[in-house]
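[1] mind looking at a prediction? Sequence and model below.
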2 protein chains.
Amino acid sequence: MPRGITAKGLATRHRIVEHAAELVREHGTGGTALEDVRHAAGVSSSQLFHYFPEGKSELLLAVARRAGEQILLDQEPQLSALAEGGSWRAWAERVYAHYEAQGPNCDLSALTAQLGMGDPGIREVVSGMHTRWQAALAAGLRAHQSRGTARADTDPDRAAAALLATVQGGVLMMASTDSSAHLHAAVETWLDGMGITEDGD
Amino acid sequence: MPRGITAKGLATRHRIVEHAAELVREHGTGGTALEDVRHAAGVSSSQLFHYFPEGKSELLLAVARRAGEQILLDQEPQLSALAEGGSWRAWAERVYAHYEAQGPNCDLSALTAQLGMGDPGIREVVSGMHTRWQAALAAGLRAHQSRGTARADTDPDRAAAALLATVQGGVLMMASTDSSAHLHAAVETWLDGMGITEDGD
């Protein structure tokens, strides 16, 4: 982003990225042209060029960064609360509600699909998102293990890696089944396996 | 497929589908043109038209059907053996070895990505594959529960749904991590949660 950008400029750039993200969620990266983004955001070609001088690849990277942040934000405050002994049930319900509301055209699917482009910047975004998500889940499991509200004999890092894959698989399956049944089954089975039986706190 | 097709004709059709599947795994459906398939399979335009008169959509459906079968075949004979009390460890090792050898350009990823096309025939193929896979996993869990080699207090259908999502999430994550660590973590965590600790039989 250019230095010395104004508040109004930031708002315009933000609007462009938000509209681009929506188009990418609906039509994929291949089905999203700069011209569509320009129309949706109501900006001129020169404005679009001002904020994204390198064109579509730069805009898509911004969309990916936004999605990476949003995927974590959409689990808050319940995700961060886990490390303080917050409720796994509350986190799970937040995740179910979010993906049930968004349907298959979600940031997570869009970001994963963008990986197919093989752009190293996008791989870095996905990798950073995974690392932060998994670390938050592992911290949550450690907190519950030390409080005696989760099985103590599991490796929290491995279990967190498992849950990360599990949630993504459940979301992926929503696209083919039009149902969150697999997401629920996957997360509930993980909670059971971890000996987490709380009803929230 | 036309009636009265000869053995040679079947072999030609099979060759076309195999080459198309390979191209789709590598380049996606969008990056695979009929002309590429024709060249790879070494057939003429009229041969391609003879076997796939409706063109690319018909060929892609055949590729999806092939992938749906192959995803299950690649887990055999260990997947079917589960229902007879066969080893979960052996099945897991088969799955790890297969996806580690194939890398991210596998039939499962290709088939999932094809879903984005919104073709009802392809959704049906994916749905059928899921149903059969999940049923085999549930039958395996039931067999082990009745033999006392798995926790008896879990719903086998829900647990099988969870494992199905888990494996797919683990395979999905191979594309961004270049590693099967999440697939291993996810399946091993499921096995632990189910109280399956056998070393194979």
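    On my side now, so go ahead.

[2] alpha carbons only for contacts and neighbour counts from here, please
    OK.

[3] got the residues of chain A near chain B?
    A:115, A:123, A:126-127, A:158-159, A:161-163, A:165-170, A:172-173, A:175-177, A:182-183, A:185-187, A:189-190, A:192-194 (Cα under 8 Å from any Cα of the partner chain).

[4] next, the contact list for the most centrally placed residue in chain A, please.
    Central residue of chain A (Cα atoms, centre = their mean): A:I71, 2.1 Å from the mean position. Residues in contact with A:I71 (Cα atoms under 8 Å, 6 or more residues apart in numbering or on different chains) are A:D107, A:L108.

[5] please apply the same query to the one 4 residues further on.
    A:Q75 makes contact with A:W91, A:R94, A:V95, according to Cα under 8 Å, 6+ apart.

[6] those in strands, which ones?
    Members of the contacts of A:Q75 lying in strands (criterion: DSSP state E): none.

[7] now, which of these sits nearest chain B?
    Of all the contacts of A:Q75, chain B sits closest to A:V95, with 15.4 Å by Cα to the nearest Cα.

[8] contacts only, for A:I16.
    A:V37, A:R38, A:A41, A:V43, A:L48 are the contacts of A:I16 under Cα under 8 Å, 6+ apart.

[9] keep only those of the residues of chain A next to chain B that are in helices.
    A:123, A:126-127, A:158-159, A:161-163, A:165-170, A:172-173, A:175-177, A:182-183, A:185-187, A:189-190, A:192-193 (DSSP state H).

[10] buried subset of the residues you listed as a ChimeraX selection?
    Burial among those is assessed by 16 or more other Cα atoms under 10 Å in any protein chain shown; the matching ChimeraX selection reads:
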select /A:123,126,127,158,159,161,162,163,165,166,167,168,169,170,172,173,175,176,177,182,183,185,186,187,189,190,193
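
[11] can you give me the buried ones in stretch A:68-75?
    For stretch A:68-75, by 16+ other Cα under 10 Å, it's A:G68, A:E69, A:I71, A:L72, A:Q75.

[12] got phi/psi on the second one?
    Main-chain torsions, A:E69, degrees, to the nearest 10: phi -70, psi -40.

[13] surely it is in contact with A:G128?
    No. Contact status for A:E69 versus A:G128: not in contact, 9.7 Å apart, counting by Cα atoms under 8 Å.

[14] before we move on, back to that, among the contacts of A:I16, which are in strands?
    Per DSSP E, the contacts of A:I16 never map to strands.

[15] distance to B:A152 and neighbour count for these - can I get that in JSON lines?
    Below are the contacts of A:I16 laid out as JSON lines (distance: Cα to Cα, whole Å; neighbours: other Cα atoms under 10 Å in any protein chain shown):
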{"residue": "A:V37", "distance to B:A152": "54", "neighbour count": "24"}
{"residue": "A:R38", "distance to B:A152": "58", "neighbour count": "18"}
{"residue": "A:A41", "distance to B:A152": "56", "neighbour count": "19"}
{"residue": "A:V43", "distance to B:A152": "61", "neighbour count": "16"}
{"residue": "A:L48", "distance to B:A152": "60", "neighbour count": "22"}
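
[16] where does the spatially most distant residue from the centre of chain A fall, secondary structure wise?
    The centre of chain A is farthest from one residue, A:S46, which by Cα atoms, centre = their mean lies 30.8 Å away. Using DSSP states H and E, A:S46 sits in helix A:45-51.

[17] tell me the mean pLDDT over that helix?
    Helix A:45-51 shows a mean pLDDT of 93.

[18] buried residues, that helix. List them.
    A:Q47, A:L48, A:Y51.

[19] which ones among the buried residues of stretch A:68-75 map onto helices?
    Filtering the buried residues of stretch A:68-75 for helices - DSSP H - leaves A:G68, A:E69, A:I71, A:L72.

[20] can I get the helix holding A:S46 as CSV, trimmed to CA atoms?
    The C-alpha trace of helix A:45-51 is given here as CSV (Å, rounded to 0.1, in the frame of the first residue of the first chain):
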residue,chain,number,x,y,z
SER,A,45,-10.2,2.4,-13.8
SER,A,46,-7.6,5.0,-12.7
GLN,A,47,-8.7,4.5,-9.0
LEU,A,48,-8.4,0.8,-9.4
PHE,A,49,-5.0,1.2,-10.9
HIS,A,50,-4.0,3.6,-8.2
TYR,A,51,-4.6,1.1,-5.4
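
[21] mind checking how far it is from the chain centre?
    Mean-position distance between helix A:45-51 and its chain equals 27 Å (Cα atoms, centre = their mean, to the nearest Å).

[22] before we move on, what about stretch A:146-166?
    21 Å.
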